[in-house]
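Asker: My questions are about this predicted structure, shown below with the sequence.
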Protein chains: 2
Amino acid sequence: MNNGAIGVFDSGVGGLTTVKELVKLLPNENIVYLGDTARVPYGTKSTDTIAKYARQDIAFLLKRDVKMILVACGTISSAMMHEPIFENVMIPHSGVVLPTAEAACKATKNKKIGVLGTSATVKSQSFANAIKAIDPEIEVTAKACPMFVPLVENGYTDRNCVVTKLIAEEYLDIMKKNDVDTLILGCTHFPHLHDVIQDIMGDGVKLISSGAELAKFAADALKKDNAFCDRQTEGKRELFCTDSVELFTETAATFLGKDNHAQIAKCTLKT
Amino acid sequence: MNNGAIGVFDSGVGGLTTVKELVKLLPNENIVYLGDTARVPYGTKSTDTIAKYARQDIAFLLKRDVKMILVACGTISSAMMHEPIFENVMIPHSGVVLPTAEAACKATKNKKIGVLGTSATVKSQSFANAIKAIDPEIEVTAKACPMFVPLVENGYTDRNCVVTKLIAEEYLDIMKKNDVDTLILGCTHFPHLHDVIQDIMGDGVKLISSGAELAKFAADALKKDNAFCDRQTEGKRELFCTDSVELFTETAATFLGKDNHAQIAKCTLKT
């Protein structure tokens, strides 16, 4: 048994996709979340800068009695395949790339997987490398979707939204051409566009949410290590952001629902 | 005569609109530009955070022998109307708000001015306050256009782009309803959408570019102070960014043209 919290971080609010799934799977666990909203987004930035920020995010979580750290962000998870960010961190940790690649490899039947991500994620080839390591025969098509994050953050998520449909059609064209049967939503913002993407790709294509896969992976790992908490009541959810609480609260409600019982506070990272 | 450089800064690349205009007006002046690309954008962040970052940007420029500092960013220029960022800075400086408000007040005939800006700029009411201070009878309609920056940065700028037209129509609807005859492009990214905006508003509406107005204001101020350089050859343009040079170079070419003769280097800000 381990009553420490599950630490989760992201460049902003996208990682709340993972928190939402964790709350569903492990309602009694404490969760500490950090969203670096003062420097969001990371997905348009360089690997060096992303890695530097991620180390500062991890240092913050390590001070808060966490038993595990989850990188609930496709961009940071991809950067860490090239630049170490967990040097000397002795507690279990995982990004989204490996759990998501495993789920996609299990799901594909025709061995054709697509990956949607930020520019930084696609440039890193992180998902493609992870998939090829599992099964070199799988064909991977990756596409950067830089407009998806602003579309989600500004509420253009309805399946009938013409703007979103036009942009999604542009991005997904290559996925249809390459006949993928499994499509990784490699950025934790993208599940908000699930319906639009599913409509364009058709019901035959399986969408894999990277944030949700990470939560499942974490639950399995805690079970294996016998490291669940012994609490019998609902866990505490503490959300920290580096910019204003007011701005964060609005968007957090979109991700977690209005009755999320979370405490939200501003924090300062050591730079 | 003063051979110091003109210092210009912005959260990212938008301020290059001002640099472009300065090069045209004052080709012999040296220019030092800072784009804080490691923390871009500022327009979605809180006033406190914007002001903190701006002070760090200014401290960087002050070390580089500048004779003047221009805040070539609608968001920072708006934040500085509420939070001081130039405490103890003894050289001339200006943001975009006052020069742009003056130009708009001169241009309007029906005393109805519109303002397009980032969320932070519109929330600050900076342009409205500046316009009302000049002429309290002028009606101001302000509209936050959070999708414009990602559209510009991802190249959706063509006047025939359906996505951009749909989003612009949504944002400009209130401007047409309120019959504005003068429209401030209050973010230095927005001139890239000039054609789309002009098409929707019609030729009768005068568009005012905040970045260009700031450059004109600076040229006038240097003339008045007799502070031009005595160089007879083309000035040096040094562009600094806080994230990778590679990422910055691509976008800089969009703003300044491919043959811009600028030197680009990465720098680290003291935080």
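Answerer: That came in fine, so what should we check first?
Asker: What does A:Ile263 show for phi and psi?
Answerer: One thing to correct before we go on: residue A:263 is Gln, not Ile. phi -100, psi 130 (degrees, to the nearest 10).
Asker: I figured it hits A:Gly235, correct?
Answerer: No: applying C-beta atoms under 8 Å as the test, A:Gln263 and A:Gly235 come out as separate, 11.8 Å apart. Quick note: C-beta positions are derived from backbone N, CA and C, even for glycine.
Asker: and stretch A:110-124, how far apart are its ends?
Answerer: End-to-end distance for stretch A:110-124: 24 Å, by C-alpha to C-alpha, to the nearest Å.
Asker: buried stuff in that stretch?
Answerer: A:Lys112, A:Ile113, A:Gly114, A:Val115, A:Leu116, A:Gly117, A:Thr118, A:Ser119, A:Ala120, A:Thr121, A:Val122, A:Ser124 (16 or more other C-beta atoms under 10 Å in any protein chain shown).
Asker: tell me which parts of the stretch 101-250 of chain A are close to chain B?
Answerer: With the criterion set to C-beta under 8 Å from any C-beta of the partner chain, the stretch 101-250 of chain A comes near chain B through A:146-147, A:149-151, A:153-154, A:156, A:162-163, A:166-167, A:242-244, A:246-247.
Asker: Now, these that are in helices?
Answerer: In helices, judged by DSSP state H, the following of those are found: A:Val149, A:Pro150, A:Leu151, A:Glu153, A:Val162, A:Val163, A:Leu166, A:Ile167, A:Glu246, A:Leu247.
Asker: Report the two of those separated the most.
Answerer: A:Leu166 and A:Glu246 (32.3 Å; C-beta to C-beta).
Asker: Give me the more crowded residue out of these two.
Answerer: A:Leu166 (14 against 11; other C-beta atoms under 10 Å in any protein chain shown).
Asker: residue at max distance from the center of chain A?
Answerer: What lies farthest from the middle of chain A is A:Gln232; by C-alpha atoms, centre = their mean that is 27.7 Å.
Asker: wait, doesn't that one sit right on A:Asn3?
Answerer: No: using C-beta under 8 Å, A:Gln232 is not in contact with A:Asn3; the gap is 11.9 Å.
Asker: ok so, going back, which of A:Gln263 and A:Gly235 has more residues huddled nearby?
Answerer: The neighbour comparison of A:Gln263 against A:Gly235 (other C-beta under 10 Å) goes to A:Gly235, with 19 against 10.
Asker: Quick check: the more buried one touching A:Asn30?
Answerer: Yes: between A:Gly235 and A:Asn30 there is a contact at 4.5 Å, judged by C-beta under 8 Å.
Asker: Now list whatever residues contact both of these two.
Answerer: Common contacts of A:Gly235 and A:Asn30 (C-beta atoms under 8 Å, 6 or more residues apart in numbering or on different chains): A:Ala5, A:Cys229.
Asker: Just name whatever secondary elements the helix or strand bottoming out on mean pLDDT in chain A is in contact with.
Answerer: When the helices and strands of chain A are scored by mean pLDDT, DSSP states H and E, helix A:245-256 comes last with a mean of 89. Applying 3 or more C-beta pairs under 8 Å, 6 or more residues apart in numbering or on different chains; DSSP states H and E, one finds that helix A:245-256 makes contact with helix A:16-25, strand A:237-241, strand A:263-266.
Asker: So which of the ones you listed is nearest A:Ile197?
Answerer: Comparing those under C-beta to C-beta, the one sitting nearest is helix A:16-25, at 14.5 Å.
Asker: What angle do helix A:245-256 and that closest one make with each other?
Answerer: 60 degrees (axes from the mean of the first three to the mean of the last three C-alpha atoms, to 10 degrees).
Asker: what sits against the residue nearest to A:Ala218 when sequence neighbours are not counted?
Answerer: Nearest in space to A:Ala218, with sequence neighbours left out and distances taken as C-beta to C-beta, 6 or more residues apart in numbering or on different chains, is A:Leu70 at 5.6 Å. A:Leu70 is in contact with A:Ile6, A:Gly7, A:Val8, A:Phe9, A:Gly15, A:Thr18, A:His93, A:Ser94, A:Gly95, A:Leu214, A:Ala215, A:Ala218, counting by C-beta under 8 Å, 6+ apart.
Asker: Parallel or antiparallel, which strands does the host helix or strand of A:Leu70 pair with?
Answerer: Per DSSP states H and E, A:Leu70 falls inside strand A:66-71. Using DSSP bridges, the strands paired with strand A:66-71 are strand A:5-10 (parallel), strand A:93-95 (parallel).
Asker: Correct me if wrong: A:Asn3 contacts A:Ala227.
Answerer: No: counting by C-beta under 8 Å, A:Asn3 does not reach A:Ala227; the two are 9.6 Å apart.
Asker: thinking again about what came up before, only the buried residues of the least confident helix or strand of chain A, if you could.
Answerer: Result for helix A:245-256 [16+ other C-beta under 10 Å]: buried residues A:Val245, A:Leu247, A:Phe248, A:Thr251, A:Ala252, A:Phe255, A:Leu256.
Asker: Run through the residues that contact the closest residue to A:His194 other than its chain neighbours.
Answerer: Spatial nearest neighbour of A:His194, chain neighbours left out: A:Leu207 (6.2 Å); criterion: C-beta to C-beta, 6+ apart. Neighbouring residues of A:Leu207 by C-beta under 8 Å, 6+ apart: A:Leu183, A:Leu185, A:His194, A:Ile197, A:Gln198, A:Met201.
Asker: What does the second one show for phi and psi?
Answerer: Main-chain torsions, A:Leu185, degrees, to the nearest 10: phi -90, psi 90.
Asker: likewise the last one?
Answerer: Backbone dihedrals for A:Met201, given as degrees, to the nearest 10, come out at phi -80, psi -30.
Asker: burial of it, as a residue count?
Answerer: 19.
Asker: surely it meets A:Ile174?
Answerer: No: the pair A:Met201 / A:Ile174 is not scored as a contact, 11.7 Å apart, by C-beta under 8 Å.
Asker: count of neighbours near the spatially closest residue to A:Thr188 that is not a sequence neighbour?
Answerer: Excluding the flanking residues, the one nearest A:Thr188 by C-beta to C-beta, 6+ apart is A:Gly14, at 3.5 Å. Number of residues near A:Gly14 (other C-beta under 10 Å) recorded here: 31.
Asker: Could I get the contacting residues of A:Gly14?
Answerer: Contacts of A:Gly14 by C-beta under 8 Å, 6+ apart are A:Ala72, A:Cys73, A:Val149, A:Cys187, A:Thr188, A:His189, A:Gly211, A:Phe255.
Asker: Can you check the pLDDT for the first one?
Answerer: Looking at A:Ala72, its pLDDT reads 98.
Asker: Return the residues in contact with the one residue in the stretch 51-200 of chain A that gets nearest to chain B.
Answerer: Nearest residue of the stretch 51-200 of chain A to chain B: A:Pro150, at 3.9 Å (C-beta to the nearest C-beta). By C-beta under 8 Å, 6+ apart, the residues touching A:Pro150 are B:Pro146, B:Met147, B:Val149, B:Pro150.
Asker: Just put these in TSV and tack on distance to A:Phe60 and pLDDT.
Answerer: Formatted as TSV, the contacts of A:Pro150 follow (distance: C-beta to C-beta, whole Å; pLDDT from 0 to 100):
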residue	distance to A:Phe60	pLDDT
B:Pro146	28	97
B:Met147	31	97
B:Val149	28	95
B:Pro150	28	95
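Asker: would you turn those residues into a markdown table with distance to A:Lys223?
Answerer: Converted to a markdown table, those look like this (distance: C-beta to C-beta, whole Å):
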| residue | distance to A:Lys223 |
| --- | --- |
| B:Pro146 | 42 |
| B:Met147 | 43 |
| B:Val149 | 44 |
| B:Pro150 | 41 |
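Asker: Show me the one in the contacts of A:Gly14 that has more neighbours than the rest.
Answerer: A:Cys73 (38 neighbours).
Asker: about what we covered before: how far does the least confident helix or strand of chain A sit from its chain's centre?
Answerer: 17 Å (C-alpha atoms, centre = their mean, to the nearest Å).
Asker: what's the answer for stretch A:123-133, then?
Answerer: Computed by C-alpha atoms, centre = their mean, the separation of stretch A:123-133 from the middle of its chain amounts to 16 Å.
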